[in-house]
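Enquirer: okay, here's the prediction I keep looking at, along with the sequence it came from:
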Amino acid sequence: MLPIRLRFAYLKTAVSISSVLADKGLIPPFKKRGDHLFGPCPVHGGDNPGAFVVSLSKNLWYCFTKCNTGGDVVRLAQLLDNSSYTQTAHYLASLADRPPVSYNSPDSIDHTFQPFTRRLDLDSSVPWFRQKGIHPQTAKTFESGAYHGTGFLADCIAVRLHDQQGNPIGYAGRRTNTSDVLEHGKWKFPRRLPKKSILYNLHRLKINTPCLIVVECPWGVMRLAQLGIPAVALLGIQVSPIQHDILVRFPRLILMLDGDHPGRVASAQIQRILADSTDVHQVLLPQGKDPDDISDDQLIALSGYFSL
Ligand SMILES: [Zn+2]
């Protein structure tokens, strides 16, 4: 028989974390998104649906809430069963080479939503961007610009949207016609867009970004990007449970919502719901100002980003 050390080396690759979860009847609440499984933590037994994350390709897990720890399949089996090395080795050997597990698809994604993946020809040189202090090159990088065609994006400044893995899923449109804005609001989104699972710009952030600015809309993200400050936009003023679980993985958040009444109220609420899980600060913008209305110097000073 192999020494236990070598047996574990084999079991770590032969037994997937998902087959342990499946064997224990723990799979149903888990959702698969790309290479990751998300679900409540079976180790501490919480009910936060984003607490426990499994990397399928690396066969590693991590609990981002109470346990704040992670590991490989051997450690998971030990923690779940509170068993000895020998018992764990026997248990995992019984699961080796099981067929792949099937998962639920994310309930946040409406199956009737049809991603629009074609790339549109947009004009990033329009005065709109200059008025917001956004360089045409930045707008281009963010795949944003005036759409000169007809249909959904007619008379809009379009902004390309991506899912959490960075796959393009369509465009949001910022209306530019004043009467349209008054009647329908500033933004239009594709029908059935799973907006609650989107954080604008998330896929462009570096892994291990220590501090993140949270703004309402893409223009703020673009302005901050020009200053080398990482940011995401909520595409509104609400934080969904999925967005919450993504945001709390960052060690420090700075909320920079618009300086209007709804923005201020939302900012205080969001700080309350995130403060239990991460370090959250609020920045109050001058009354009536959005991040794209103020100067670069003011943005840097207010964010406090470089003085952390
Ligand atoms: Zn846990």
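Expert: Yes, it's here.
Enquirer: nearest residue to the residue in the stretch 201-308 of the chain that the ion sits nearest to other than its sequence neighbours?
Expert: In the stretch 201-308 of the chain, the residue found nearest to the ion is Ser277; the distance is 12.7 Å by Cβ to the ion. Bear in mind the C-beta positions are built from the backbone N, C-alpha and C, glycine included. Closest residue to Ser277 apart from its sequence neighbours, by Cβ to Cβ, 6 or more residues apart in numbering: Val248 at 3.8 Å.
Enquirer: ok, how many other residues are close to the one you found?
Expert: The criterion is other Cβ atoms under 10 Å. On that basis, Val248 has 21 neighbouring residues.
Enquirer: what pLDDT does the model give it?
Expert: In the prediction, the pLDDT value recorded for Val248 is 93.
Enquirer: before we move on, back to that, count of residues packed around the residue of the stretch 201-308 of the chain closest to the ion?
Expert: A total of 17 residues lie near Ser277 under the criterion other Cβ under 10 Å.
Enquirer: hang on, it in a helix?
Expert: No - secondary structure assignment places Ser277 outside any helix; it is coil (DSSP: H, G, I helix; E, B strand; the rest coil).
Enquirer: run through the strands of this structure in chain order.
Expert: Under the criterion DSSP state E, strands of the chain are mapped to 31-33, 36-39, 52-55, 60-63, 69-71, 144-146, 156-162, 168-175, 187-188, 211-215, 231-233, 252-255, 279-282.
Enquirer: mean pLDDT and distance to Gln78 for those strands - can I get that in JSON lines?
Expert: Output for these, formatted as JSON lines (pLDDT from 0 to 100; distance: least, Cβ to Cβ, whole Å):
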{"stretch": "strand 31-33", "mean pLDDT": "87", "distance to Gln78": "25"}
{"stretch": "strand 36-39", "mean pLDDT": "91", "distance to Gln78": "19"}
{"stretch": "strand 52-55", "mean pLDDT": "94", "distance to Gln78": "16"}
{"stretch": "strand 60-63", "mean pLDDT": "95", "distance to Gln78": "12"}
{"stretch": "strand 69-71", "mean pLDDT": "94", "distance to Gln78": "9"}
{"stretch": "strand 144-146", "mean pLDDT": "98", "distance to Gln78": "49"}
{"stretch": "strand 156-162", "mean pLDDT": "97", "distance to Gln78": "38"}
{"stretch": "strand 168-175", "mean pLDDT": "96", "distance to Gln78": "40"}
{"stretch": "strand 187-188", "mean pLDDT": "95", "distance to Gln78": "49"}
{"stretch": "strand 211-215", "mean pLDDT": "96", "distance to Gln78": "34"}
{"stretch": "strand 231-233", "mean pLDDT": "98", "distance to Gln78": "36"}
{"stretch": "strand 252-255", "mean pLDDT": "96", "distance to Gln78": "33"}
{"stretch": "strand 279-282", "mean pLDDT": "96", "distance to Gln78": "32"}
